[in-house]
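Engineer: This is a predicted model, with the sequence first.
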Amino acid sequence: MDFRVEKVLPNGLGRVGTIRTAHGEIKTPAFMAVGTQGHVRFLSAEDLRGIGAQAMLSNGFHLRRRSHEIAEAGGLAEWKPTESFSSEHDVDSSRRHGRVASSSSVVTSGDSRKENSVGLRPDNLSAEPWRGPTLTDSGGFQVMSLGSGLGKVVSMEKERGVVNTAHKERLAQVREEGVSFIDPFDHEPEFIGPEESMQIQCRIGADIHMAFDELTSLADTYEYNIEAMERTERWALRSLREHIKHRDDLGYRQNLYGVLQGGRWEDLRRQTARNLAKMEVDGIGFDGFGLGGAFLKEDLGEILRWCNEELPMDKPRHLLGLSHPDDILIGAEMGADTFDCVAPMREARHGKIYTRDGNYNLRKMADSGEVLEPGCDCATCRAGWTRGSLRALWRSGDTEKKQKYYNLASTHNLRFIVRLTEEVRQAMLDDNFAEYKCEFLARYYAGR
RNA sequence: GCUGGAAUAGCGCAGAGGGCAACCGCAGCAGGCUGUAAACCUGCCGUCCAUAUGGACUUCCUAGGUUCGAAUCCUAGUUCCAGCA
């Protein structure tokens, strides 16, 4: 993988660089937009480019049944998602809201309860493919989110007592060979191991793939983290072996990152970093590394330091799944090059708007005539959309208006995070990262 | 004018003699969301006291009544809707 480091922070960890892929460059530090199903929800490829997103992260688990179709199209970058998604929302909302029809024999026409799951449409889909750099996750996150973390929020808060989901209730069960899933949408049983994940990812054909790993939860013990980490390393070797067989199948070079686990323990983190850094099959090692795990906020910087002090400087590192501004700042400082996260888009959909002066909830902005964030360079703010008018779209009950809201709000939050990484990069180049970080955080968290 | 039907918390609706201060949705209020089972989730949402378990009070159009007990049954009234004149 072509990765050039252009500048290193005085701490010897954080850096500015450029990753070159078959579908374009990524100037790091960079945030990748999450488009799990092959497109970012409610944002078109054109929107993404306008936002300045340099890469898109999708998920092999969610796209596994369409991988052949994607390969036919020439790979993820050239694939245009069509409407035949698993109708996630219909299945989901009928399960969650589904109830036996009222026992009354009279069916009233205005019973809105039964119409709840009706009228939902697929996300707005792009008129054209993304065509830029892409990354796919292996499905490793789903080992946790459908397994021990089923029904839980993946949180970095310490206080709430985190307890793992009981084994028999899980939709994912881990064995040495791989993981047996129950598909959360259609409830079909399925198996994915490292080989399957690599085959799927190589058909999807993203520029960067993740080795199949097991993410532990904050509730797991030291002993279990050793077990999961060692298994993740064995899976990493199997992933590498399988990846090498298929990495050129679509006519361009695909790259594989090995994923570090090890929870919050220094010995585990350093050990797995060293093991993965020297892991090879036929003289071929990983092209980069994924920094994985569930972190307590206060531990993040130190854990990343342990990992990155052991990893080679000349290979890129992707911090998996984090994007709150403080996480990005500490991540970049400690040597993470790329980031991804669902939070900017999901929180936008849920009404949380990011600004330099902290976040606010659009629910409380019914009467506001201000733009989302004065001075913001995102398309939504430049077009002059006010908080009140966006709130009205969001709460309208009209599907098309809501979709418009999701598009406009996602645009703003995503641009906010992308801009943050652009500024971090520039600050590093200008030798004032420390001041930039300090000022940004002081202002962002001033209200606390 | 006659004949049916309906009146339930801010709104839309459930409930058809005791588990009812009353389901659910919307609206409202307060939180949450980090490699997406997330256009979602949690809590509150008659009034008053209590951090809370809880307690007190006033409720299902109005007024009477039946009953140990009524949002639910009966009578009358009021208003609204539909059909017929």
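Structural biologist: Perfect, thanks for sending it. In this text the structure is predicted, and so the values were computed from the model without any measurement.

Engineer: residues in contact with the one residue in the stretch 251-400 of chain A that gets nearest to RNA strand B?
Structural biologist: Closest approach between the stretch 251-400 of chain A and RNA strand B, counting by C-beta to the nearest atom of the strand: A:Gly321, at 2.4 Å. For every residue, glycine as well, the C-beta is placed using N, CA and C. A:Gly321 makes contacts with A:Phe141, A:Val154, A:Gly292, A:Asp340, A:Cys341, A:Val342, as judged by C-beta atoms under 8 Å, 6 or more residues apart in numbering.

Engineer: Contacts only, for the residue most central in space within chain A.
Structural biologist: Central residue of chain A (C-alpha atoms, centre = their mean): A:Cys341, 3.6 Å from the mean position. Contact partners of A:Cys341, counting by C-beta under 8 Å, 6+ apart, are A:Phe31, A:Val34, A:Gly321, A:Leu322, A:Ser323, A:His324, A:Ile417.

Engineer: What is the subsequent helix or strand relative to the helix or strand of chain A with the lowest mean pLDDT?
Structural biologist: Every helix and strand of chain A was ranked by mean pLDDT, DSSP states H and E. The lowest is helix A:88-97, at a mean of 34. Using DSSP states H and E, the helix or strand that follows helix A:88-97 towards the C-terminus is strand A:134-137.

Engineer: Partner strands of that following strand, with direction?
Structural biologist: The pairing partners recorded for strand A:134-137 under DSSP bridges are strand A:56-59 (parallel), strand A:208-210 (parallel).

Engineer: Would you mind giving those as a markdown table with distance to A:Gln271, mean pLDDT and mean neighbour count added?
Structural biologist: Below are these laid out as a markdown table (distance: least, C-beta to C-beta, whole Å; pLDDT from 0 to 100; neighbours: other C-beta atoms under 10 Å):
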| stretch | distance to A:Gln271 | mean pLDDT | mean neighbour count |
| --- | --- | --- | --- |
| strand A:56-59 | 27 | 98 | 27 |
| strand A:208-210 | 20 | 98 | 29 |
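
Engineer: from the chain's centre, how far out does the longest helix seen in chain A sit?
Structural biologist: Counting residues, the longest helix found in chain A (DSSP state H) is helix A:399-429. Its chain's C-alpha centre and that of helix A:399-429 lie 14 Å apart, by C-alpha atoms, centre = their mean, to the nearest Å.

Engineer: Tell me which residues of that helix come out buried.
Structural biologist: Buried residues in helix A:399-429, defined by neighbour count with 16 or more other C-beta atoms under 10 Å: A:402-422, A:424-425, A:427-428.

Engineer: secondary structure class for the nearest residue to A:Ala409 once chain neighbours are set aside?
Structural biologist: Of all residues not flanking A:Ala409 in the chain, A:Ala348 sits nearest, at 3.8 Å (C-beta to C-beta, 6 or more residues apart in numbering). Assigned with DSSP: H, G, I helix; E, B strand; the rest coil, A:Ala348 falls in the helix class.

Engineer: Among the strands paired with strand A:134-137, which comes closest to A:Val281?
Structural biologist: For the strands paired with strand A:134-137, the distance to A:Val281 is smallest for strand A:208-210, at 14.6 Å, taking C-beta to C-beta.

Engineer: So is the closest one next to RNA strand B?
Structural biologist: Yes - judged by C-beta under 7 Å from any atom of the strand, strand A:208-210 comes into contact with RNA strand B at A:Met210.

Engineer: Quick check: what element follows that strand along the chain?
Structural biologist: helix A:222-246.
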